[in-house]
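Enquirer: can't give you the sequence, but here's the structure:
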Ligand SMILES: [Zn+2]
């Protein structure tokens, strides 16, 4: 129990860092550059108002200086990293190497999810970082699947590239095509199809619902990256169950 709380706290701290990083990165602001400030009144945020989750609750979700609401992205991202850390720990314990690999990959995927959702762009930096981490992990563990995983990456990427060309970039962007390389190598041949299937199903369903309730016009762009990320996380963390289901169906 104590360990769970420690892990959750660690996740909150990483989540807090990711919250700041995903806000600054698309704006070209260095993460090393000074303390965070309120985007409304530009008041520098003191350390005691910058404690993950707790500060948001204590401040009642409002800036201490100007009383304007603080974006819910802060507690939401912090919580999702906190719970993600606990889930990954119990999923992979006691395989510490795999656990660390998934913890890092999870953080990268959360960054991609948030940045694409908010800015409709997937920066190459996160995709290549993710591929580098996967490659390092595969080398260290002497993975037998390294070539089949690379193949999966290329096939997924080419598949999305074809859709990108056919739809002339209306369905997805080149960022999604590049992300498919990371998704493919991470998922591997066995999970690549369930991954893309789930992403298209959830993405298509959400898009249709948004159009139905007229939140989005047919032309307006809904980023596809968040669906690719969510579907990837689901197939990765529930791979055994998904394989069992597929085995029963096929
Ligand atoms: Zn303020």
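Expert: Cool, got the structure. Worth saying up front: this structure is predicted, and the values here are computed from it rather than measured. Numbering: from 1, shown residues only.

Enquirer: Please enumerate the helices of this structure.
Expert: Ranges of helices in the chain, per DSSP state H, are 2-24, 54-58, 73-92, 96-119, 124-140, 146-166, 174-212, 225-237, 239-249.

Enquirer: right, so the ones you listed: which one is the most enclosed?
Expert: helix 225-237 (a mean of 22; mean count of other Cβ atoms under 10 Å). Where you see a C-beta, it was placed from the backbone N, CA and C, and this is true even at glycine.

Enquirer: elements contacting that helix?
Expert: Here helix 225-237 touches helix 73-92, helix 96-119, helix 174-212, going by 3 or more Cβ pairs under 8 Å, 6 or more residues apart in numbering; DSSP states H and E.

Enquirer: Now do the shortest one, average pLDDT.
Expert: Averaging pLDDT along helix 73-92 yields 93.

Enquirer: Now do it: which elements does it pack against?
Expert: Looks like helix 73-92 contacts helix 2-24, helix 54-58, helix 96-119, helix 225-237 (3+ Cβ pairs under 8 Å, 6+ apart).

Enquirer: Which among those helices is found nearest to the ion?
Expert: The ion lies closest, by Cβ to the ion, to one member of the helices and strands packed on helix 73-92: helix 54-58, at 13.1 Å.

Enquirer: Pull the residues that contact the closest one.
Expert: Applying Cβ atoms under 8 Å, 6 or more residues apart in numbering, the contact partners of helix 54-58 are 48, 49, 70, 74, 75.

Enquirer: I'd say residue 98 and residue 92 touch.
Expert: Yes: using Cβ atoms under 8 Å, residue 98 is in contact with residue 92, at 4.9 Å.

Enquirer: quick one, what contacts the nearest residue to residue 82 once chain neighbours are set aside?
Expert: Nearest residue to residue 82 in three dimensions, chain neighbours excluded: residue 11, at 3.6 Å (Cβ to Cβ, 6 or more residues apart in numbering). By Cβ under 8 Å, 6+ apart, the contact list for residue 11 reads 78, 81, 82, 83, 84, 85, 86.
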